[in-house]
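Participant: mind folding the following:
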Amino acid sequence: MSTYVLVAEDDRKQAELIRRYLVHDGYEVTVVHDGGTALGEATRRPPDLLVLDWMLPGLDGLEICRRLRGESELPILMLTARSTEDDLLRGLDLGADDYMTKPFRPRELVARVRTLLRRGRHTARPASEDPMSPTAPAAPTGPVDRAVLTVGRLTVHTDQHQVFVHDRPVNCTPGEFRILCAMAASPDRVFTRSQLLDCLADHGRTVSERTVDVHILNLRKKIETSPRTPQRLLTVHGVGYKLTRGDDGA
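Facilitator: Numbering: from 1, shown residues only. Here you go, the predicted structure:
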């Protein structure tokens, strides 16, 4: 049985191009051009994946994403002409699993679709596995579910979903909090994007490594004095990220 992809895109030429590439790759595709029809079709016949344009007439992509997330965990690939971090975070926070900014190459879109569908088939995990703990060759130095995690002047209260930097409260989204918990449980350990992805791929949701990068950027805005020159949440080029004490001293 063919994998079913629903494409919601109001630009008819763009929609037809996407449809042709997906069909060529073996997918069954339905195309709609407005938000109301997209929501109705996704409810009537749930697709295996939804390609969703942000700026649809009627209901926009964000509203469709929000409504579908209340009922379904289907993978959603958001298409947008918006490229600021804040805009992209809004889409991710409302439940989009990945995003592509326009213009894009159709072949890259097909590759993203393949990746999201593949992840969706492999997100199931044993009930005994802690979803907050990243998979790695070496186990973390301490349990991720400790009540209080401290790295320098950064403190994470896992039970209360609270984060403080220099005693200042920091508001984090659920995804940001899960990443921070995993990293604070193993300070100075380098996490790959794939390992941090495991923190987010819970309850059957499918997310991409780009989602991790956006969450890291947003966390830096919240816990760093100067997000452009981070001292705590560092990039290890070619590998991933690590959380350190920064300039907080020994």
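
Participant: what about the helices in this structure?
Facilitator: Listed from the start of the chain, the chain has helices (DSSP state H) covering 12-24, 35-44, 61-69, 85-93, 106-121, 174-184, 193-200, 209-223.

Participant: in stretch 51-61, what counts as buried?
Facilitator: Val51, Leu52, Asp53, Trp54, Met55, Leu56, Leu59, Gly61 (16 or more other C-beta atoms under 10 Å). Heads up, the C-betas are built off the backbone N, CA and C, glycines and all.

Participant: end-to-end on that stretch?
Facilitator: By C-alpha to C-alpha, to the nearest Å, the extent of stretch 51-61 from end to end equals 10 Å.

Participant: quick one: it to chain centroid distance?
Facilitator: In terms of C-alpha atoms, centre = their mean, to the nearest Å, the centre of stretch 51-61 is found 19 Å from the chain centre.

Participant: from Arg90, how far out is the closest residue to Val163 other than its chain neighbours?
Facilitator: Excluding the flanking residues, the one nearest Val163 by C-beta to C-beta, 6 or more residues apart in numbering is Val170, at 4.3 Å. As judged by C-beta to C-beta, to the nearest Å, Val170 and Arg90 stand 19 Å apart.

Participant: again with Thr211
Facilitator: For Thr211 relative to Arg90 (C-beta to C-beta), the value is 13 Å.

Participant: go on, Val165?
Facilitator: For Val165, the distance to Arg90 - C-beta to C-beta - is 23 Å.

Participant: contacts only, for Val163.
Facilitator: Leu154, Thr155, Val156, His157, Pro169, Val170, Asn171, Cys172, Phe177, Leu180, Lys222, Ile223 (C-beta atoms under 8 Å, 6 or more residues apart in numbering).

Participant: listing request: residues of this protein with sub-threshold pLDDT.
Facilitator: Along the chain, the model assigns pLDDT under 70 to residues 1, 83-89, 93, 119-146, 201-208, 247-250.

Participant: switch to 80 and redo it
Facilitator: Counting by pLDDT under 80, the chain has low-confidence residues at 1, 69-70, 73, 82-95, 97, 118-146, 200-211, 246-250.

Participant: show me what contacts the residue positioned nearest the centre of the chain?
Facilitator: Centroid check for the chain by C-alpha atoms, centre = their mean gives Thr211 as the closest residue, at 3.5 Å. By C-beta under 8 Å, 6+ apart, Thr211 lies in contact with Leu92, Asp97, Asp98, Gly175, Leu197, Leu200.

Participant: check Asp213 too.
Facilitator: Per C-beta under 8 Å, 6+ apart, neighbours of Asp213: Arg193.

Participant: quick revisit: can I get the contacts of Val163 in TSV with neighbour count?
Facilitator: As requested, the contacts of Val163 are exported to TSV (neighbours: other C-beta atoms under 10 Å):
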residue	neighbour count
Leu154	24
Thr155	17
Val156	24
His157	15
Pro169	8
Val170	19
Asn171	10
Cys172	20
Phe177	21
Leu180	26
Lys222	17
Ile223	26
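
Participant: which pair in those residues spans the largest distance?
Facilitator: Using C-beta to C-beta, these span at most 15.4 Å, a distance reached by His157 and Lys222.
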